[in-house]
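Asker: Any chance you can model this:
(one chain, ligands or ions: 1)
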Amino acid sequence: MLCGIRLACVRGERPLFSGVDLAVERGQWLHVRGANGAGKTSLLRLLAGLSPPAQGEVRWQGKPIADCSAAYRSDLLFLGHQGALKDDLTALENIELAGALDGASPPRADVVSALRRVGLQGRDELPVRFLSAGQKRRVLLARMLTRKARLWVLDEPFTALDAKGVSMLSELLHDHLADGGMAVVTSHQPIPIADGKALDL
Ligand SMILES: Nc1ncnc2c1ncn2[C@@H]1O[C@H](COP(=O)(O)OP(=O)(O)OP(=O)(O)O)[C@@H](O)[C@H]1O
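Answerer: Here you go, the predicted structure:
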C-alpha cells in the first residue's frame, strides 16, 4: 500500500500544497487533478522519492520510503512528463538502459515484442529524436510492458497519444490493476478506467 501522510510541498519560496493525505491499495488507482501549476508533478516527485516533502511522509508497505529505498525502487515505475528518453538512443536502447538503471534488465526478445505490440515495428532502429511525440509516448508504453512494477506513477501518460494509443494505455492500466498493481496518474482529461479515486490539488 502507498500512503501519503499530511504531505506539504514548497517550490522556490512558494507553498504549493499542504496537509495532503492519500492511500492507494492493491488494485486501486488515484487520479491526481488540478489546474496548471497546482503541483501535480511536484506531488508525483514526492511519491517517487525524487524530492523530499517539506512536511509529512510517504510510506510504502507501511515503511517510510527513505527506510526501504532499494525495495521501493524495484517496486516502482515512475514515468515523468518528459518520459526521460535519451534522444540519441533508439527505442530499444532506451528501454534496455532504463531497465539496467532499474536493476531489472528485460530480455531483448521481450523488448522487441513490446515495441511491436505498441506499433513501433520498423521504428525501433531510429534514435528517438526522429520519432513523433505520440511515438515517443508509445516507447514508454513498451517500457510499461517490459517492467514488472507493483506501483506505477505516471505523469500525463495520455498526452500526445492517438485514439488507439489511448485505448492501448487504458488496457495496460486495466490489466495492471486487475493483477493487483497500483497506480497514481495525473491527467487533465477524464481517464476511461473504472474505480479510480480522485485527489484534487
Ligand atoms: N524546481 C522548482 N523551483 C521553483 N519552482 C518550481 C520548481 N518546480 C516547479 N516549480 C513551480 O511549482 C509550481 C507547480 O509545478 P508543477 O509542475 O508541480 O505543476 P503541475 O500541476 O504539474 O502543472 P501542469 O498541469 O502545468 O503540468 C509551478 O508554479 C512551477 O513553476
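
Asker: And the helix or strand R116 falls within, what does it pack against?
Answerer: Assigned by DSSP states H and E, R116 falls within helix 108-117. Applying 3 or more C-beta pairs under 8 Å, 6 or more residues apart in numbering; DSSP states H and E, one finds that helix 108-117 contacts helix 91-102, helix 133-146. For the C-beta atoms, the positions are set from N, CA and C on the backbone; glycine is no exception.

Asker: The longest one packs against which elements?
Answerer: If contacts are counted by 3+ C-beta pairs under 8 Å, 6+ apart, helix 133-146 sits against strand 76-79, helix 91-102, helix 108-117, helix 163-178.

Asker: who does the first one touch, helix- and strand-wise?
Answerer: If I follow you right, that is strand 76-79. Packing partners of strand 76-79 (3+ C-beta pairs under 8 Å, 6+ apart): helix 133-146, strand 151-155.

Asker: average pLDDT for it?
Answerer: Mean per-residue pLDDT for strand 76-79: 92.

Asker: and the gap between the residue sitting nearest the centre point of the chain and G27?
Answerer: Centroid check for the chain by C-alpha atoms, centre = their mean gives L154 as the closest residue, at 2.6 Å. Using C-beta to C-beta, to the nearest Å, L154 is found at 16 Å from G27.

Asker: re the thing from before, reformat the helices and strands packed on strand 76-79 as CSV; add distance to L79.
Answerer: Converted to CSV, the helices and strands packed on strand 76-79 look like this (distance: least, C-beta to C-beta, whole Å):
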stretch, distance to L79
helix 133-146, 5
strand 151-155, 5
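
Asker: which stretch among the ones you listed comes nearest R33?
Answerer: strand 151-155 (12.7 Å; C-beta to C-beta).

Asker: what does the protein put close to the ligand?
Answerer: Contact residues, the chain versus the ligand (C-beta under 6 Å from any ligand atom): R11, G12, L16, G34, N36, G37, A38, G39, K40, T41, S42.

Asker: Compare the residues you listed and tell me which has the most neighbours.
Answerer: Neighbour counts for the residues of the chain next to the ligand (other C-beta atoms under 10 Å) peak at K40, which has 26 neighbours.

Asker: Quick check: closest non-adjacent residue to that residue.
Answerer: T186 (4.3 Å; C-beta to C-beta, 6 or more residues apart in numbering).

Asker: quick one, what contacts that neighbour?
Answerer: Shown in contact with T186 (C-beta atoms under 8 Å, 6 or more residues apart in numbering): H31, V32, R33, K40, T41, L44, L154, D155, E156.

Asker: who's in contact with the helix holding R116?
Answerer: So helix 108-117 is in contact with 91-92, 95-96, 99, 106, 121, 123-124, 139, 141-143, 145-146, going by C-beta under 8 Å, 6+ apart.
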